[in-house]
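Q: with the sequence up front, the predicted model follows.
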Amino acid sequence: MSEAEELLSAEWDLPPECHRHFKDVLMQQIDHDTAVTPRRSRFLRPAVLVPLASAALAGALLVTLSVDGRGPATGSAPSVTTAGASVTLNRIATAAMASDTVRVRDDQFVYVRTLERENKGDFSGPVRLGALHTEERWTSQDPGPLRVTGWIKASGKDAIMPDQMLPIESPDPRPAGVDHPTYRWLASLPTDPDALLARLRKEARPVEGESRDQAVFSLIGDLIGGTIMPPANAAAFYKAAAKLPGVREIPDAVDAAGRHGIAITLDDTGFATRDEWIFDKETLALLGSRFYVTDPDRGITTETLFGTTAVMKTAVVGGKGEVPARAAAR
């Protein structure tokens, strides 16, 4: 097994909120090794602190980034407001509750197509955003346990292993749960926001330097951006997020597709990054996300855009590789 394959095998054995910490390390390794498997899907933020959580990856790797003054990836932090975040999240919850119910069977797949821009710079050097490219993911709804929980295909410039259908797999079989979020499992979660938040606090696994609230925020982001769930459960996730201390609203944010919306963020001063969830200002539907590096102690004196996504299509399909009719036209 090559070094890249060992790194990627270790990644699959992590909970979803930890996958983002490996992304840049793995992408750099891919430059030197062509025999790799794909990273897992993510509606996730990259991070500066990368924990190494297996015997093959013992210890920890601290990644230091510097500001690339040649491009538009840097800038002052956007204006934020704390007063409106709770109100906005509860409005988003109301809109989610009113959305149509889409039921997903255990024998089906959830299809998500996103546009992505991510850091292609050396993880020890400046942030350099790559070209916009497409990722398609098919998540199995079989409650398992499964080793292969889904499939991924990327296309376009700066895509990893473009146009190849590649498995998302774990060393050990995964039952339905945080590591394999199926519709049936999501529907089983509490719809009371307080009860759901308590459950998420138990499920979230913060990495070194990360607060539990930030881990919960990131876990919610993973689930709302890459799955389909009943309206009552979606509403409960947003209401639970509104209860997290420090959650803030940004009046204007732009996703990877160039669409403007309202963003919700949570600053975690101990962890050097910041996530944004972006919602349409009129419909309050989820548009995408942005990820920022925010830690001046690690060489970043102004907030630096580190990655951005746009959710372009979410649907239910009958099998891996099946593409909804509207998603076929790029």
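A: Received, thanks. This is a predicted model, so every value here is computed, not measured. Numbers count the residues shown, from 1 in each chain.

Q: longest strand in the chain, by residue count?
A: strand 304-317 (DSSP state E).

Q: can you give me the buried ones in it?
A: 304-312, 314-317 (16 or more other CB atoms under 10 Å). C-betas here are computed from N, CA, C, even on glycine.

Q: what do you get for stretch 92-102?
A: For stretch 92-102, the neighbour count (16+ other CB under 10 Å) marks 92-93, 95-97 as buried.

Q: returning to that earlier point: give me the helices and strands touching the longest strand of the chain, please.
A: Helices and strands touching strand 304-317, by 3 or more CB pairs under 8 Å, 6 or more residues apart in numbering; DSSP states H and E, are strand 109-118, strand 286-293.

Q: relative to strand 304-317, how tilted is the first one?
A: Same thing as strand 109-118. Here the directions of strand 109-118 and strand 304-317 differ by 160 degrees (axes from the mean of the first three to the mean of the last three CA atoms, to 10 degrees).

Q: if you count neighbours, what's buried in the host helix or strand of Leu223?
A: Per DSSP states H and E: Leu223 is located in helix 212-226. For helix 212-226, the neighbour count (16+ other CB under 10 Å) marks 213-226 as buried.

Q: just stretch 239-253 next, same as before
A: So for stretch 239-253, counting by 16+ other CB under 10 Å, buried means 239-242, 244, 247-250, 253.

Q: now do the helices in the protein.
A: Secondary structure of the chain (DSSP state H): helices at 3-12, 16-30, 83-97, 183-187, 193-203, 212-226, 231-242.

Q: what is the third one packed up against?
A: Think helix 83-97. So helix 83-97, by 3+ CB pairs under 8 Å, 6+ apart, packs with helix 231-242, strand 247-254, strand 260-267.

Q: could those be laid out in TSV, adding mean pLDDT and distance to Thr134?
A: Formatted as TSV, the helices and strands packed on helix 83-97 follow (pLDDT from 0 to 100; distance: least, CB to CB, whole Å):
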stretch	mean pLDDT	distance to Thr134
helix 231-242	98	25
strand 247-254	96	18
strand 260-267	94	20
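
Q: out of the ones you listed, flag the one nearest Tyr183.
A: helix 231-242 (9.4 Å; CB to CB).

Q: other SSEs contacting that closest one?
A: With contacts defined as 3+ CB pairs under 8 Å, 6+ apart, helix 231-242 has these neighbours: helix 83-97, helix 193-203, helix 212-226.

Q: what lies in contact with it?
A: The contact list for helix 231-242 (CB atoms under 8 Å, 6 or more residues apart in numbering) reads 85-86, 89-90, 92-94, 96-101, 186-187, 189-194, 196-197, 200, 216-217, 220, 223-224, 229, 247, 264.

Q: the bottom helix or strand of this protein by mean pLDDT?
A: Least confident element among the helices and strands of the chain, by mean pLDDT, DSSP states H and E: strand 60-62 (a mean of 25).

Q: check which residues of stretch 179-199 are buried.
A: Neighbour-count burial for stretch 179-199 [16+ other CB under 10 Å]: 179-186, 189, 191, 193, 196-197, 199.

Q: nearest to Glu276, of these?
A: Nearest to Glu276 among the buried residues of stretch 179-199, with distances taken as CB to CB, is Leu197, at 20.3 Å.

Q: for Ser99, see how far away the closest residue to the closest one other than its chain neighbours is.
A: In this structure, Leu197 finds its nearest non-sequential neighbour in Ala240, 4.2 Å apart by CB to CB, 6 or more residues apart in numbering. Distance, Ala240 to Ser99, by CB to CB, to the nearest Å: 17 Å.
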